[in-house]
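Student: predicted model, plus sequence, below.
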Amino acid sequence: MKSVSQSDRWREALKMMSRCPICKADYEPDAAKIFAKNETASLVHLTCQGCGSGFVAMIVLLGQGLSSVGMVTDLNFADVERLHTAESITVDEIIDGYQFMLQDEFQKEATRQ
Ligand SMILES: [Zn+2]
């Protein structure tokens with residue numbers, strides 16, 4: 001039996017997410033690209049060839065097993081590479097953004113036809 005190297009174990013987890021959750025098309029073999037990893041976890045971005053949607057998965061190596069969690073995203077691979085190290089948005093920034101959107105000027109622009 002061929003042993004799988006530690007660095008390629010994340011590809012095993014991809015078998016669990018073999019198709020696009022949006023359009024159900026099977027992912028192409030080159031759809032998955034790794035954009036960050038450490039000793040136990042890998043972050044992988046998949047692009048669907050069928051509908052173009054993105055999917056980000058975190059694959060964690062647990063002893064002899066694998067675990068994964070993922071989400072649909074509108075980020076492409078370049079976006080996730082650039083943004084995964086960015087600082088998190090704060091609660092204060094969210095409140096500032098919400099208050100900005102409540103301003104009359106913003107409301108007029110947003111609802112202008
Ligand atoms: Zn798709």
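Tutor: Perfect, I can see it now.
Student: top helix in the chain by residue count?
Tutor: What stands out as the longest helix in the chain, according to DSSP state H, is helix 91-102.
Student: whichever helix or strand comes after that helix vs helix 91-102, what angle?
Tutor: Per DSSP states H and E, the first helix or strand lying C-terminal to helix 91-102 is helix 104-111. With axes from the mean of the first three to the mean of the last three CA atoms, to 10 degrees applied, the angle from helix 104-111 to helix 91-102 works out at 70 degrees.
Student: quick check: which helices or strands does helix 104-111 pack against?
Tutor: helix 91-102 (3 or more CB pairs under 8 Å, 6 or more residues apart in numbering; DSSP states H and E). Just so you know, the C-beta spots here come from the backbone N, C-alpha and C atoms, and that holds for glycine as well.
Student: what about the closest residue to residue 54 other than its chain neighbours, neighbour count?
Tutor: If the residues on either side of it in the chain are set aside, residue 54 comes closest to residue 73, at 4.6 Å by CB to CB, 6 or more residues apart in numbering. Burial of residue 73 is recorded as 14 neighbouring residues (other CB atoms under 10 Å).
Student: now do the contacts for residue 73.
Tutor: 45, 54, 55, 56, 80 (CB atoms under 8 Å, 6 or more residues apart in numbering).
Student: this completes my enquiry, with thanks.
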